[in-house]
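*Asks:* only geometry, no sequence info:
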């Protein structure tokens, strides 16, 4: 058996993939892939990840308060329960998934995962999105959550925060160092979206199962859509208003739930002009070059195609 940890990144269809795995748990088990229900919320292993995360536990404060025990102890208890399921399952792959694990963390976070899942070789998998698209999508998500700043102000601050995961290589390097072969399996989000079978394509790449397996149902759900540009302007207006916080949250939900307010998965994002997108890409070139040098990627010698169209 191997332990495969899918760490994200954020805004690469992780929520859709997790919801899919959660709904296909029995079918995956028949294919030899265990997607355990322990530590799961919203289809992902977020509670397990949050128990080891410096800050993500705050998003699940009610859960951790109800447990009434140290988070570290709870993390190892959940991991032990997952190990027991894995040993009884007869599966060849134990798949865990949470984008909470995308970022750069203190060493004790990696040490905890290394120790908790030492019963089998650990492998790490991640999806990367072309940086200019990824940064725009992360910003849109921040606005959905109440961010008031314009893009330039937000980006200047965000790229300096280690837990934001803007240094792709450093994120992958730190997680790769807990694996048996000190490597990460890197997939390209844009390529998988183009297949038209996103979730099974991710499974096929990460878990080495046939993406066209008749045992799996493909529905390509969109679990965490980004707003279109018109909705972005409306969201920013709400976030910058004097309306009470709870009312702002309700208004944001209304705006995102209108049929025209959601951006379909894989849709190009045109928030920024061409010149600004190229500057963002330049920021990421050293990190991408290191990834191609050190890790397994879908394409030999490159990750992304830079065919941005003016207009």
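*Replies:* In hand now; what should we look at? As the structure is a prediction and not an experimental result, all values here were calculated from the model.

*Asks:* Check whether the residue located most distally from the centre of the chain sits in a helix, strand or coil.
*Replies:* Here the chain reaches farthest from its C-alpha mean at residue 242, the gap being 32.4 Å by C-alpha atoms, centre = their mean. The three-state label given to residue 242 by DSSP: H, G, I helix; E, B strand; the rest coil is coil.

*Asks:* Quick check: residue 148 touching residue 240?
*Replies:* Yes: using C-beta atoms under 8 Å, residue 148 is in contact with residue 240, at 5.1 Å. C-beta here means a position set from N, CA and C on the backbone, and glycine is covered the same way.

*Asks:* Between those two, which is the more surrounded one?
*Replies:* Legend: neighbour count by other C-beta atoms under 10 Å for residue 148 and residue 240, higher for residue 148 (14 against 11).

*Asks:* What confidence value was assigned to the closest residue to that one other than its chain neighbours?
*Replies:* Of all residues not flanking residue 148 in the chain, residue 239 sits nearest, at 4.6 Å (C-beta to C-beta, 6 or more residues apart in numbering). On the pLDDT scale, residue 239 is placed at 97.

*Asks:* burial of residue 142, as a residue count?
*Replies:* 16.

*Asks:* What of residue 149?
*Replies:* 17.

*Asks:* what about it, which helix or strand?
*Replies:* Per DSSP states H and E: residue 149 is located in neither a helix nor a strand.

*Asks:* Report the helix or strand with the lowest average pLDDT across the protein.
*Replies:* strand 262-263 (a mean of 64; mean pLDDT, DSSP states H and E).

*Asks:* who's in contact with the helix or strand just after that one?
*Replies:* Once strand 262-263 ends, the next helix or strand along the chain (criterion: DSSP H and E) is helix 274-294. The contact list for helix 274-294 (C-beta atoms under 8 Å, 6 or more residues apart in numbering) reads 128, 130-132, 135, 155, 159, 167-170, 172-173, 176, 183, 186, 272, 297, 301-304, 306, 308, 310.

*Asks:* Domain-wise, how is the chain divided?
*Replies:* Following automatic domain parsing, one finds the domains of the chain at 2-131+163-222+284-297, 226-263.

*Asks:* Please work out which of these is packed deepest.
*Replies:* Mean neighbours per residue, mean count of other C-beta atoms under 10 Å, is largest over the domains of the chain for domain 2-131+163-222+284-297, with a mean of 19.

*Asks:* what's the closest of the domains of the chain to residue 140?
*Replies:* domain 226-263 (4.3 Å; C-beta to C-beta).

*Asks:* Against residue 247, how distant is the residue nearest to residue 148?
*Replies:* 12 Å (C-beta to C-beta, to the nearest Å).

*Asks:* wouldn't the residue nearest to residue 148 be in contact with residue 147 here?
*Replies:* Yes: contact criterion C-beta under 8 Å: residue 239 and residue 147 qualify, at 6.5 Å.

*Asks:* tally of neighbours for residue 146?
*Replies:* Neighbours of residue 146 using other C-beta under 10 Å come to 13.

*Asks:* Got the phi and psi for the closest residue to it other than its chain neighbours?
*Replies:* Nearest residue to residue 146 in three dimensions, chain neighbours excluded: residue 239, at 5.4 Å (C-beta to C-beta, 6+ apart). Phi and psi for residue 239, reported as degrees, to the nearest 10, are phi -60, psi -30.

*Asks:* which one is residue 166 nearest to, not counting chain neighbours?
*Replies:* residue 159 (4.5 Å).

*Asks:* For the residue farthest from the centre of the chain, give me the pLDDT.
*Replies:* 96.

*Asks:* circling back: mind checking how far the residue nearest to residue 148 is from residue 11?
*Replies:* Distance from residue 239 to residue 11, by C-beta to C-beta: 19 Å.

*Asks:* Spit out the contact partners of the residue nearest to residue 146.
*Replies:* Going by C-beta under 8 Å, 6+ apart, residue 239 touches 143, 146-148, 248, 252.
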